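# Pasting the sequence and the predicted model now:
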Amino acid sequence: MNAIELLKQDHQLVKTLLDELSETTSRALKKRSELVRRIELELVQHTAIEEKIFYPALKQAGDKQDEKMYFEAKEEHRAVESLVLPDLKKTRPDGVEFAGRAKVLKELLEHHIREEEEEMFPRAETLLDHPTLDRLAVAMQQMKKDIKAQWEKRAA
Ligand SMILES: [Fe+2]
Ligand SMILES: [Fe+2]
């Protein structure tokens with residue numbers, strides 16, 4: 001699996017989890033909390049491998065336009081990480097605000113994923129050769145594992 005395939009697989013999983021979350025009702029307390037936790041873990045891992053490994057490789061190989069795309073993507077990560085997700089985490093899963101906040105997270109992430117898959121990844125495929133994409137994937141897999149282990153240690 002190369003770097004782009006790995007990121008797309010992550011996207012698919014997050015989209016599935018967000019769909020599941022949007023189908024829950026305020027009675028599904030445990031399911032909602034569980035899904036928020038799983039989505040958070042996926043996002044923490046995914047954002048890290050993009051910002052620490054994938055985006056810098058692309059930025060380095062690209063031009064001014066790619067740099068613009070890089071900063072825009074990072075801002076979207078920041079909005080999710082420091083605003084929308086923390087808000088959802090502190091929202092009672094049986095409260096009236098939950099569904100609306102979950103929807104905002106879903107729409108923001110779907111938009112972000114679409115831009116990455118339709119603009120950024122095709123660009124990366126022209127800028128980065130196959131050995132590079134494979135090498136990035138190995139580093140990304142490792143970083144995901146490390147983050148997950150840390151996360152589980154913290155939760156234990
Ligand atoms: Fe991203
Ligand atoms: Fe992504």
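Sure thing, it's come through. Numbers count the residues shown, from 1 in each chain. Ligands and ions are numbered 1, 2, ... in the order given.
# What separation do you get for the closest residue in space to I147 that isn't next to it in sequence and Q9?
Closest residue to I147 in three dimensions, ignoring its sequence neighbours and counting by Cβ to Cβ, 6 or more residues apart in numbering: Q45, at 4.9 Å. Glycine gets a C-beta too; all of them are placed from N, C-alpha and C. Distance from Q45 to Q9, counting by Cβ to Cβ, to the nearest Å: 12 Å.
# The two: who's more crowded?
Q45 (19 against 11; other Cβ atoms under 10 Å).
# Verify the contact between that one and A149 for me.
No: the criterion here is Cβ atoms under 8 Å, and Q45 misses it with A149 at 10.8 Å.
# Now do the helix or strand harbouring E152: which elements does it pack against?
Taking DSSP states H and E as the definition, E152 sits inside helix 130-155. If contacts are counted by 3 or more Cβ pairs under 8 Å, 6 or more residues apart in numbering; DSSP states H and E, helix 130-155 sits against helix 3-23, helix 29-49.
# how about those helices, which one is nearest Y55?
Proximity to Y55 (Cβ to Cβ) singles out helix 29-49 among the helices and strands packed on helix 130-155, at 9.4 Å.
# Verify the contact between F54 and L7 for me.
Yes: at 6.7 Å, F54 counts as touching L7 under the criterion of Cβ under 8 Å.
# where do the contact lists of those two overlap?
By Cβ atoms under 8 Å, 6 or more residues apart in numbering, F54 and L7 have these common neighbours: M140.
# distance from the centroid: which residue in the chain tops it?
Residue farthest from the centre of the chain, counting by Cα atoms, centre = their mean, is R27 at 27.0 Å.
# OK, contacts around that residue?
D94.
# Tell me how far it lies from I113.
R27 is 29 Å from I113, by Cβ to Cβ.
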